[in-house]
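Enquirer: model the following, please.
(3 chains)
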Amino acid sequence: MLGVGGKIMLVLCIGVSVGLFLKAIVFRWRLLRLGKSEPRFDHVGRRLLNFFLNVLFQKSVFERPLPGLMHALVFWGFLVFLLATINHVGEGLSEGFSIFFGARIGTYYWGLVEIFALLVLLGILALAFRRYVLKPDCLTLPSNESAVIIVLITILMVTYLLGEAFRMAMEPTEAQADQFRFAGAWIAHGLARTGLSESALNVGFLTCWWLHILAILFFLVYIPNSKHMHLLACPFNEFFLSLKPKGELATLDLEDEAAESFGVAKINEFTWKDLLDLYSCIECGRCQDNCPAHLTDKPLSPKEVIVDLKHHLLEIGPRLLQKPGEVSADAQQTEEPVPTLPGNVISNDTLWACTTCRACVEHCPICIEQMPKIVDMRRYLVLMESSFPPEAVTVFKNMETNSNPWGIGWAERGNWAKELGVKKIGDNPDAEILFWVGCSGAFDERNKKVSAALVKIMKAAGINFAILGEEEKCCGDSARRLGNEYLFQMMAQENVETLNKYKVKRIVATCPHGFNTLKNEYPRFGGNYEVVHHTQLIMDLLRQGRIRLKNGSSGGVVYHDSCYLGRYNDIYDEPREALKTAGLAITPLERQYRTSLCCGAGGGRMWLEETIGTRINEMRIKEITDTNVDLIATACPFCLTMMEDGLKELNKAESVRTRDLAEIVAEKLAES
Amino acid sequence: MANGVLVFAEQREGKFRKVALEAVSEGKRLADKIGAELSAAVIGSGVENIGGLLGAYGAAKVYVVDDAALDNYAPDGYAKALTRIVKDTEPTILLMGCTSTGRDLGAKMAARLATGLAADCTALDIKDGKLVATRPMYAGKVMAEVTCPDSMPQIATIRPNVFSVEEPDKTKSAEVIKVAAEMSPDELRTRVREVIKAAGGAVDLTEAQIIVSGGRGMGGAEQFKVLEELAAVLGAAVGASRSAVDAGWRDHQFQVGQTGKTVSPVLYIACGISGAIQHLAGMKTSKVIVAVNKDPEAPIFKVADYGIVGDLFEVVPILSEEAKKLLAEQ
Amino acid sequence: MNIVVLVKQVPDTEAKIEIKPGTADIVTETITYVVNPYDEYAVEEALRIKEKRGEGEVTVVGMGPDKATEALRTCLAMGGDKAVHLKDDALEGSDAYATALALSKALEGLPYDLILCGKQAVDDDNAAVGIELAELLGVPHVAVVTKIEISDDKTSAVCHREVEGASEVVETPLPAVITAQKGLNEPRYASLKGIMTAKRKPIDTKDAAGLGLSPEQAGQQGSKIKVVSLSSPPARAEGKIVPGEPADAAREVIKLLREEAKVI
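Expert: Here you go, the predicted structure:
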């Protein structure tokens, strides 16, 4: 098929392509190695399972059914074509090469390839239509890379089919033998009717053949040098997914004497998995679509954070890889220092806009962890530069001095319970469960009512419970999410000491943030307790019949999933069951369960001013009130506050009520 | 030989401040208790003729130091003048109002004379011939009874608006003694270059003794006028809750609350403010809180000393009217 | 430029203050101690002056028991360079005069261009130590200041001093004592980096003898004011909703504010 010159050309092209490919890969591999170490080789079975499900079966991509299907076709087509490509090169180097050595299986295989050639074409053209004609919001970044890939893949499929058609047009008998190459045969039939000469057909065939292989070789080099690096990175990213509890942030070792800096200031202070995330991002925009900050015009898009970090890594890479001896003294002096990320590559406004709602991580089909990187950069700003929104100074100082964000005297923390006759655990050491009241539940007038409601329920169920009273300190969630890891660890250690002193085994919390921190983060500080959220406790009590509710329906309700209960801890059903048991009919929201929209208070933002863009809580209230239901049920003191504030801001406070689940259930308790 | 009570009677622009008259009145009561004479010290510029007025309040002698260099209070000049008078009269007790001048002068005199200062007193008495002063500590959470047993004079500054002013007896008069100032420029190390009055008579929020604050219930920027009127009557500053600032009705510099300013006035009047915890964090140390709100369940009523459930647009104008009447009587 | 900042460790303003029965002291076991808030403004201002001038040293000086070291460390964590801790049982119970005297002795050995401190300590609320110290040192003072500008040659400063209803622009030669009022600045939050470097900064401890104080000059003996007893003020009355029609309630409230609360 190819003459000596052709074969030499082929080998040279392959050599160049593979060489450039390897150069790019090695460069990126070396950059990856700059990242800090992080153990992710545990639970290999689970990791492989994730790999199979999400990579081979494309499960996470199918979350968007139609585009997902189109992508899956292109991906599976890619896999199928691997052998075809080997065959293609083989036959170029050695006449009559066939990867299947003429076995029957080859015929089936080529038929499969045929089908997939068409499916890939369908898929890629549909995706192109989506990107350039439908223009969905999530695909905001102009992407020449996408255009290149679309063109390449189209060329590949067209040259394949056309090439086969030309080949079959030249050798009709073999075409009959290849019954499954129906498309090629169909085109070949048409070609035959054009009356082109044998040599013309051959030119057509060779043109297609060369175009095909050159496109592949170009593709090969293009992959690592574009966002299509995801082809190589994603499978690994899926394997290396985080198996920690979702609600646990990485714990810094602040005692490390050798550490010069805490948090992430420079790109190589991320872990290797963080850097792998950067290679894996395909810029699909699912994270952006679900980010409450982005949806309310704040300068934060998780996608853009990842993409900006990636570009920075590749740009600064060569300098980072230089060994000290390689840089001349002159160059060292004149060169600017490697820029810190926070405030430069990623703006401060971007970093502080995050509510840590976790929608980005939850919806990323390839296990990228955007939000923890933001917290890492916040940690640097807070711990090393003391640079953060000024409102947070008051909050940190208040937590340090009085163990609550409002700075109310810590000695008053138990006052809410005095008239309710709730015992402190010191006076009731045999209590079966500790009620972790939380700062809002103890100090905020509105949320004290929720605490009282839960007390009423637990008393009705005959539960022997106790509180810590003034020995309870803020769980530290806001401090940690704002980046003040030092303050958080101090508070966590103190709380764990107190809880362990009283030998606490079981805890119920009304605040999902406290619940999450106690359950998922305190174990690392020696605090191992069985922690339940009050909605779980209430459902347990209902199922066990320890409390009963009055009969009768009570109207309609909308349930707002709180981020730290839902996405963080997968608690979606118990609150809904409890509402149903209380006789309420739940009107579904478009954004609920995993796609619930954050109320805006997480990530420590409850304590900060919201000055950019529009209000997150107002957006959520608009969504909720569009249902025309007059009762909103929540299970979180932050959500309760934000919902009520939002209703007031939109002048709907008169017509729509907000209640915590505990209040709804307490009101409906049947007399025993 | 110690004798008598000396009162530094603070004047401003030729008029005695109310607290000065309170101090003179209290000085007289104390002087009577120890059976001694009451003297007063008047220091300033253009004050030669006002000294005599203090006779009606019980002063037997009034020492006046009049010098252009003493028109604004500055520590060096006033301390020099007062020290001269103290050396001449050797009082056992020295009193003054706890004002910005009094706090400053009282401390400087205490150090100069190596004696004790009881600051911001709310009650004074004599026990065994010695002054016993009651003064607040820990922002008023504790009252302390203090004495200055071994040194003279026993200095005390009194809190304004606590002690009563005696009815002046026009039949009584005081001997006015002019004291030469003898100020040389080098002695007056600090110099007041300029006095910037608070803009348009409006009082700064963090320093204000009385604050009138509006929240969501105000309904609009225009509506803040009623609060401004009340503030003008009371000599108060106008604050706002976060809702009002977010709505654009007031500037952020007037926001009271956790993310705004923390204030601790003597009187805080909250109008149309629900009393969410963020706001309370900024004003709950106010000595007296008055709340006006339509909603009887509003959390603000839990911290208010006096609450009025009603429409603030009805209530606030009446507060202004009544306050105006009351203060005019003064 | 050498700046000395005087710092006191005091109970947090939210702390529950209880009188130890039969004494003129308060119960200290349940109290959280902090740097006196007004002194924080002074520390912050000193740091800003140093940063603006690009040179200088900030020395933090405090008198108190052992635990007062924490307050000094916090100031070092904010950025102070070194600290002096006046620590001696003999110094306990000092009033404003005795405190100022002890501090004046401590400052004898230190070079200073400016002395800053808070306008008052939130425990005793005397607002006297800074002013008395200035008098004992023979330097001028400007108290209750919301703005400070130091001349380039550090021989003078222009301050905004807060008085009733106005702000005085006061010029003073340096060295001088300037006391800080709220609004002077927003104190920085010590970063972890600051906290860790502070561990290595020197704190020089001095006792009464080391300061050159005789027993008659120190502590309670050296105090001119004696605290005879402490009492709790009358409990704050339960807040009440004034009954009646809003208009009538309004009139009643003004009356109560005058007669009962005595605030207008």
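Enquirer: quick check: C:Ala24 is in a helix.
Expert: No - read with DSSP: H, G, I helix; E, B strand; the rest coil, C:Ala24 is coil and lies in no helix.
Enquirer: right, and it touches C:Val227 too?
Expert: Yes - under the criterion of CB atoms under 8 Å, C:Ala24 makes contact with C:Val227 at 4.6 Å. Backbone N, C-alpha and C define where each C-beta goes, glycine included.
Enquirer: joint contacts of the two?
Expert: Residues touching both C:Ala24 and C:Val227 (CB atoms under 8 Å, 6 or more residues apart in numbering or on different chains): B:Ala144.
Enquirer: A:Ser562: what's its closest spatial neighbour, skipping adjacent residues?
Expert: Nearest non-adjacent residue to A:Ser562, counting by CB to CB, 6 or more residues apart in numbering or on different chains: A:Cys636, 3.8 Å away.
Enquirer: wait, C:Pro246
Expert: C:Pro246 sits nearest to B:Gly310 (CB to CB, 6+ apart), 2.7 Å away.
Enquirer: show the average pLDDT along the helix or strand in which C:Val43 is found.
Expert: Here C:Val43 sits within helix C:37-53, counting by DSSP states H and E. Here helix C:37-53 scores 97 as its mean pLDDT.
Enquirer: what residues does it touch?
Expert: C:1, C:3, C:5-8, C:13, C:35, C:56-58, C:60, C:75, C:78-80, C:114, C:116-122, C:148, C:150, C:179-182, C:184-188.
Enquirer: intersect those with the contacts of chain B.
Expert: Among those, the residues that sit close to chain B (CB under 8 Å from any CB of the partner chain) are C:13, C:122, C:182.
Enquirer: which residues does the second one contact?
Expert: I take that to be C:Val122. C:Val122 neighbours (CB under 8 Å, 6+ apart): B:138-139, C:10-11, C:13, C:36-38.
Enquirer: could you redo the last one with a cut-off of 6 Å?
Expert: Neighbouring residues of C:Val122 by CB atoms under 6 Å, 6 or more residues apart in numbering or on different chains: C:10, C:13, C:36.
Enquirer: the residue nearest to A:Ser562 and A:Val665, how far apart?
Expert: A:Cys636 is 15 Å from A:Val665, where distance means CB to CB, to the nearest Å.
Enquirer: who has more neighbours, the two?
Expert: Between A:Cys636 and A:Val665, counted using other CB atoms under 10 Å in any protein chain shown, A:Cys636 has the larger neighbour count: 32 against 27.
Enquirer: give the rounded mean pLDDT of the helix or strand that contains C:Ile195.
Expert: In the assignment (DSSP H and E), C:Ile195 maps to helix C:192-198. For helix C:192-198, mean pLDDT is 94.
Enquirer: who does the helix or strand just after it touch, helix- and strand-wise?
Expert: Sequence-wise, the next helix or strand downstream of helix C:192-198 (DSSP H and E) is strand C:203-206. Applying 3 or more CB pairs under 6 Å, 6 or more residues apart in numbering or on different chains; DSSP states H and E, we find strand C:203-206 packed against strand C:82-86.
Enquirer: can you pull the buried residues of whichever helix or strand comes after the strand it packs on?
Expert: Downstream of strand C:82-86, the next assigned helix or strand under DSSP H and E is helix C:96-108. For helix C:96-108, a neighbour-count test (16 or more other CB atoms under 10 Å in any protein chain shown) marks C:96-107 as buried.
Enquirer: re earlier: buried subset of the contacts of helix C:37-53?
Expert: Buried among the contacts of helix C:37-53 (16+ other CB under 10 Å): C:1, C:3, C:5-8, C:13, C:35, C:56-58, C:60, C:75, C:78-80, C:114, C:116-122, C:148, C:150, C:179-182, C:184-185, C:187-188.
Enquirer: from these, which ones fall inside strands?
Expert: Judged by DSSP state E, these include C:3, C:5-7, C:35, C:57-58, C:60, C:114, C:116-118, C:148, C:150, C:179-180 as members of strands.
Enquirer: so what pLDDT did residue 173 get?
Expert: Just so you know, I chose chain A. Reading off the model, A:Thr173 has pLDDT 60.
Enquirer: that answer is for a different chain, and I need it for chain B
Expert: 89.
Enquirer: average pLDDT for the longest helix along chain A?
Expert: For chain A, the longest helix by residue count, based on DSSP state H, is helix A:4-34. The average of the pLDDT scores along helix A:4-34 is 94.
Enquirer: now that helix, how far from the centre of its chain.
Expert: 33 Å (CA atoms, centre = their mean, to the nearest Å).
Enquirer: show me what that helix is packed against.
Expert: Other helices and strands packing on helix A:4-34, by 3+ CB pairs under 6 Å, 6+ apart, are helix A:198-222, helix A:302-321.
Enquirer: pull out the buried residues from the next helix or strand after the first one.
Expert: Meaning helix A:198-222. For helix A:198-222, the succeeding helix or strand toward the C-terminus, using DSSP H and E, is helix A:230-239. Residues A:230-231, A:233-239 are the ones in helix A:230-239 that count as buried (16+ other CB under 10 Å).
Enquirer: show the pLDDT at the residue positioned nearest the centre of chain B.
Expert: When chain B is reduced to its mean C-alpha position, the closest residue under CA atoms, centre = their mean turns out to be B:Pro160, at 4.5 Å. B:Pro160 carries a pLDDT score of 83 in this model.
Enquirer: does it sit in a helix, a strand or a coil?
Expert: Assigned with three-state DSSP, B:Pro160 falls in the coil class.
Enquirer: you'd agree it is up against B:Ala20?
Expert: No - B:Pro160 lies out of contact with B:Ala20 (CB atoms under 6 Å); the separation is 9.7 Å.
Enquirer: and A:Asn628, how far from A:Met619?
Expert: Look at A:Asn628 and A:Met619: by CB to CB, they are 17 Å apart.
Enquirer: and those two? which has more neighbours close in?
Expert: Taking other CB under 10 Å, A:Asn628 and A:Met619 do not tie; A:Met619 has more neighbours (20 against 11).
Enquirer: can you list the neighbours in contact with the helix or strand hosting that one?
Expert: Here A:Met619 sits within helix A:616-625, counting by DSSP H and E. Under the contact criterion CB under 6 Å, 6+ apart, helix A:616-625 has outside partners A:292, A:296, A:558, A:597, A:599-600, A:632, A:642, A:646-647, A:649-650, A:652.
Enquirer: rerun at 8 Å
Expert: With CB under 8 Å, 6+ apart as the criterion, helix A:616-625 contacts A:292-293, A:295-296, A:355, A:558, A:560, A:589-591, A:597-601, A:610, A:632, A:642-643, A:645-647, A:649-650, A:652, A:656.
Enquirer: buried residues in it?
Expert: Residues of helix A:616-625 classed as buried by neighbour count (16+ other CB under 10 Å): A:616-621, A:623-625.
Enquirer: same question for stretch C:77-93.
Expert: C:77-88, C:90-91, C:93.
Enquirer: now do the end-to-end distance for it.
Expert: In stretch C:77-93, first residue to last residue: 28 Å (CA to CA, to the nearest Å).
Enquirer: on that earlier part again, hang on, isn't the residue nearest to C:Pro246 packed against B:Asp295?
Expert: No - contact criterion CB under 8 Å: B:Gly310 and B:Asp295 do not qualify, at 10.5 Å.
Enquirer: who's more crowded, those two?
Expert: Legend: neighbour count by other CB under 10 Å for B:Gly310 and B:Asp295, higher for B:Gly310 (22 against 14).
Enquirer: quick one: that one from A:Lys397, how far?
Expert: Counting by CB to CB, the gap from B:Gly310 to A:Lys397 is 38 Å.
Enquirer: also A:Phe100?
Expert: Look at A:Phe100 and A:Lys397: by CB to CB, they are 74 Å apart.
Enquirer: farthest-separated two in the ones in strands among the buried ones among the contacts of helix C:37-53?
Expert: Within those, two members stand farthest from each other by CB to CB: C:Val35 and C:Ile150, at 23.1 Å.
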